[in-house]
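**Q** Here's my sequence, what's the structure:
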Amino acid sequence: MVEQDAQGFIDTSNVTPPPERKVFGSHLPPPTRTIALGDKLPPARRAASGSGSSSESEEEDDTKFKVELLPDASRASRRPPMVDCHNYSEFDIHVQAYSGVVAVSGHTVAVAAGHHLRVYDLTVSASPSRHLDSKDGFGTKLKDFKIMSMEFRPTLRHEDRGHYLWIGTKDGHLIELDVRTGTVTAMRPAIHVHVVTHMFRHGQSMISLDNTGKVLVFTAPEGTDLSLATQQPRVVRIAEKQEFAKLLGSQLWTSTRDPNGGGSVPGASRGPYVRVYDIFTPGAVGRSLLPTEHLAAVTAGTVLASQPGHVFLAHEGGNISIWSTGDPDGAPPQCVEVVKVSASDVLSMEGVNDRLWAGSRKGLISAYDVTTKPWTVTNCWEAHKELPVLRLAVDTWSMEKLDRLVVYSVGRDEQLKFWDGMLGVDWIEQELLKHETEFSTFRDMTVLIVSWNVDSAKPDQLTGTPETVNFLTDVLQSVESPDVIVFGMQELIDLESRKMAAKTVLLGGKNKSTDGALSQKVSTAYRKWHDRLVTAVRCAMPVDTPYTVTHTENLVGLFTCIFVKNTEKIRLKHTALTKVKRGMGGRYGNKGAIIGRFVVDDTSVCFINCHLAAGQHHVRQRNRDIQDIVEDDSLDAQPDEPLAYINGGDGSMVLDHEIVFMNGDMNYRIDQRREAVVASINAGDLEHLVIHDQLRKEMKFNRAFRARTFSEGPLNFVPTYKYDRRSDEWDSSEKARAPAWCDRVLWRSLVPERVTQLHYTRWEPNVSDHRPISSAFRITVKQVNHEARARVKARAQERWKAVEQERLTAALQHYIDQMMI
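**A** Take a look at the predicted model:
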């Protein structure tokens, strides 16, 4: 410290001399890294974590948290929207992956691959009505051509639509084929010279595009049909080698990843280039556009009736960019927003009615409601057996020919699938839910859930204070005669012990059995608690009301034990258990969940016991844990029990169940300093702390939070974490952690009124650094009268026909406005 005397002079006797300055050049040079032009910049350095605990300092990778930005899929229907307007199924139609080309018009399907063209009439047969080979030139002088693109040309007469097929070849030929007779009605040999990559129908015009950037626009004189043989096309030049090209509105939107074709943006942080051409205006100049951020290659594009004046482009990497189409005054199109919708690539996309449909690399088709922020996934179903969905398209003529809005998809499984664009099956299911009381009977059951992080305490340590000794009896008698008792425990073993971690997390060492079981020491810890819980239930409950353990499972510290009254056990079916590992990036089970379920009568009930990522600031990591848990699909599927599960699910996923309970050490903290938290607790001001509770904030403000659709009772009890063991004192260690409501019980129900919370409280055994909590519920389960349900469903289907016609009329007008009909 520098001191001054009375005269103001500084006493330097105690001043530490400054360190000796090093000679210039004696320091080691700073680390360097050469970054080439266009390389991605390295991530920013992270601030050092203040926690020394391994469980609280797991590395966070920003890429794994992009899920927070994804649309909410928690209410999505998994029910495939099958369409039944054909006499024969399309499932036998084979489409060669990548090189196959498809054109659809009502019952007529044309499929080409290489030199072969097959035409199907699904009113007659599932087999091809015509099989043509270009080696004989389809009866013309053109021989051995390879088909690269196809589209049905427009006609003035409705009855002729879907009969005249335009074909573009590898050699640049354009051919018109009458699919009814299999004869060529017109052709223009080598009019393109190069490969005809794309073919579009727009009003009474046809547009063809080759890989050199030559566009031919064929437009028929008013009042006449288009003639390929006599009509002279107008030539438009665009950039060559455009991998993506689609006519959206009256503009041709293109993009490529090929640098030679202008796909990349040298030295820029944004890309790829998107080029837009007004091909119907002579002399118009194309515009080159950039997205607002760097994106991967464009894979598909579409427009939506609910979003006029906008174009949606899909990208590899799971993004969708949204663009304004410009205005009549000459303002150019521009990117207005980028939305992350998937962790994997979006390979195909189509605007269908008021939903945006997107096909993924994993075989799923998702339908998005883009009017909400963030977007909502209303439907998500497996279309192509975990293989990429290569193409999605709307058969716009199906509304006239079939009285349906038919969407077709082509997958890497080489299958063609038809879907109901109106999603009528979901409308009917919603109507059934509204009228469920007309075909179901209901009764109540009581469920008691106990959650406790025991911090590796053994059951024989429940000694000392009366609250500790009597805990199990008191909690079991907190609700009268529960039908189901669920114990969900965490940290039954010491997760901080390096030796124990070696035996449990890594499952290594000499004590590991050949069948993959845990070490004897670990098994003993679970068995002791299991036996103690069985004894506690037997002693606390009436002698004439026996219970049976229906589910028991462990996962590196997690332990679930479910008891059911014997009188209810006979009504249970489809009991199942699974485990989800979330520790160390999902590789190990030191964090994760045990999921159990059963079906009682015709209601499915699911129980989740979880232990989420620790750490004051690891909110995103906990959110990711919840997302992986609720979207896990490893439960045994029950496709033959559709009435018990919801949203078209088969019971393999958590959100397939009508009622879901989630308990555990969720590790969400309070966003305030320790001193402020303790002061609020001492003042009894819990409401102030609830405002800053991380879990409540995520449920309220984060619309992409996967537990946002869950409910929780009022937090009228003091935070349960973190105490000094065998005391009522808050954490006195060096880390001095702030108190928090780490231990929680949440629930979710398809019909909210069918779950009523009876109590939500904490208990006072002091053998752990956590206090246990319990919550009791009255749930309503249903039993379905199948004959009555069938009658209600028949009435709903009749009502749907009228609703469908109204929606078809609106959709038809949209496609007419877009010149797609």
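**Q** What does the pLDDT read for Phe405?
**A** Wrong residue type there; residue 405 is Leu, not Phe. Leu405 is assigned a pLDDT of 97 by the prediction.
**Q** likewise Thr34?
**A** Looking at Thr34, its pLDDT reads 57.
**Q** Show me where this structure dips below the pLDDT cut-off.
**A** Regions of the chain meeting the criterion pLDDT under 70 cover residues 1-69, 258-269, 328, 495-522, 583-589.
**Q** where exactly do the helices run in it?
**A** Residue ranges of the helices in the chain, as given by DSSP state H, are 398-401, 424-434, 466-469, 471-476, 498-504, 520-540, 566-569, 619-630, 674-682, 686-691, 694-701, 786-817.
**Q** Compare those and give me the one nearest Gln231.
**A** helix 786-817 (22.9 Å; Cβ to Cβ). For every residue, glycine as well, the C-beta is placed using N, CA and C.
**Q** one step back: out of the helices of the chain, which is the most enclosed?
**A** Ranked by mean neighbour count, these are led by helix 619-630 with a mean of 22 (mean count of other Cβ atoms under 10 Å).
**Q** Specify the beta-bridge partners of Thr560.
**A** Per DSSP bridges, residues listed as beta-bridge partners of Thr560: Gly488, Glu553.
**Q** and it, what is it in contact with?
**A** For Thr560, the residues meeting the contact criterion (Cβ atoms under 8 Å, 6 or more residues apart in numbering) are 486-489, 551-554, 577, 594, 596, 607, 609.
**Q** Tabulate the residues you listed (a markdown table), appending neighbour count and distance to Pro714.
**A** As requested, the contacts of Thr560 are arranged in a markdown table below (neighbours: other Cβ atoms under 10 Å; distance: Cβ to Cβ, whole Å):
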| residue | neighbour count | distance to Pro714 |
| --- | --- | --- |
| Val486 | 24 | 21 |
| Phe487 | 28 | 23 |
| Gly488 | 29 | 21 |
| Met489 | 28 | 24 |
| His551 | 19 | 29 |
| Thr552 | 18 | 31 |
| Glu553 | 17 | 31 |
| Asn554 | 24 | 32 |
| Leu577 | 18 | 31 |
| Ile594 | 27 | 27 |
| Gly596 | 24 | 27 |
| Phe607 | 25 | 22 |
| Asn609 | 28 | 22 |
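**Q** All the strands of the stretch 701-821 of the chain, residue numbers only.
**A** Along the stretch 701-821 of the chain, the segments classed as strands by DSSP state E, counting those that start in this stretch run 743-749, 755-762, 773-784.
**Q** Tell me which of those strands sits most buried.
**A** Among these, judged by mean count of other Cβ under 10 Å, the one packed with the most neighbours on average is strand 743-749 (a mean of 23).
**Q** What lies in contact with that strand?
**A** Counting contacts by Cβ under 8 Å, 6+ apart, the residues touching strand 743-749 from outside are 449, 451-453, 658-666, 668, 695, 707, 709-713, 720-721, 755, 757, 760, 762, 770-775, 777, 779.
**Q** Going through these, which ones are buried?
**A** For those, a burial check counting by 16 or more other Cβ atoms under 10 Å picks out 449, 451-453, 658-666, 668, 695, 707, 709-710, 712-713, 720-721, 755, 760, 762, 770-775, 777, 779.
**Q** ok, Leu252 touching Gln242?
**A** No: in this structure Leu252 lies outside contact range of Gln242 using Cβ atoms under 8 Å: 9.1 Å.
**Q** Which residues are in contact with each of those two?
**A** Listed contacts common to Leu252 and Gln242 are Leu209; contacts here mean Cβ under 8 Å, 6+ apart.
**Q** Count the neighbours of Gly464 for me.
**A** 12 (other Cβ atoms under 10 Å).
**Q** Would you check that it makes contact with Glu764?
**A** No: with contacts defined as Cβ under 8 Å, Gly464 does not count as touching Glu764, sitting 11.0 Å away.
**Q** Could you list the alpha-carbon positions for stretch 166-185 in CSV?
**A** Coordinates of the C-alpha atoms in stretch 166-185 are reproduced here as CSV (Å, rounded to 0.1, in the frame of the first residue of the first chain):
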residue,chain,number,x,y,z
TRP,A,166,-43.4,-33.3,-72.8
ILE,A,167,-40.1,-35.1,-72.6
GLY,A,168,-36.6,-33.5,-72.4
THR,A,169,-33.6,-35.7,-73.4
LYS,A,170,-29.9,-35.8,-72.8
ASP,A,171,-29.3,-34.8,-76.4
GLY,A,172,-31.5,-31.7,-76.2
HIS,A,173,-34.6,-33.2,-77.9
LEU,A,174,-38.1,-32.2,-76.9
ILE,A,175,-40.8,-34.8,-77.5
GLU,A,176,-44.6,-34.8,-76.9
LEU,A,177,-46.2,-38.1,-76.2
ASP,A,178,-49.9,-39.0,-75.9
VAL,A,179,-49.8,-41.3,-72.9
ARG,A,180,-53.2,-42.8,-73.8
THR,A,181,-51.9,-44.3,-77.1
GLY,A,182,-48.2,-44.3,-76.5
THR,A,183,-47.6,-42.4,-79.7
VAL,A,184,-45.4,-39.3,-80.3
THR,A,185,-47.6,-36.4,-81.4
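**Q** how far is that stretch from where the chain is centred?
**A** On the basis of Cα atoms, centre = their mean, to the nearest Å, stretch 166-185 is displaced by 42 Å from the centre of the chain it belongs to.
**Q** and if you look at stretch 748-762?
**A** Between the mean C-alpha location of stretch 748-762 and the chain-wide mean there is a distance of 26 Å, by Cα atoms, centre = their mean.
**Q** now stretch 638-657
**A** Taking Cα atoms, centre = their mean, one finds the center of stretch 638-657 at 17 Å from the center of the full chain.
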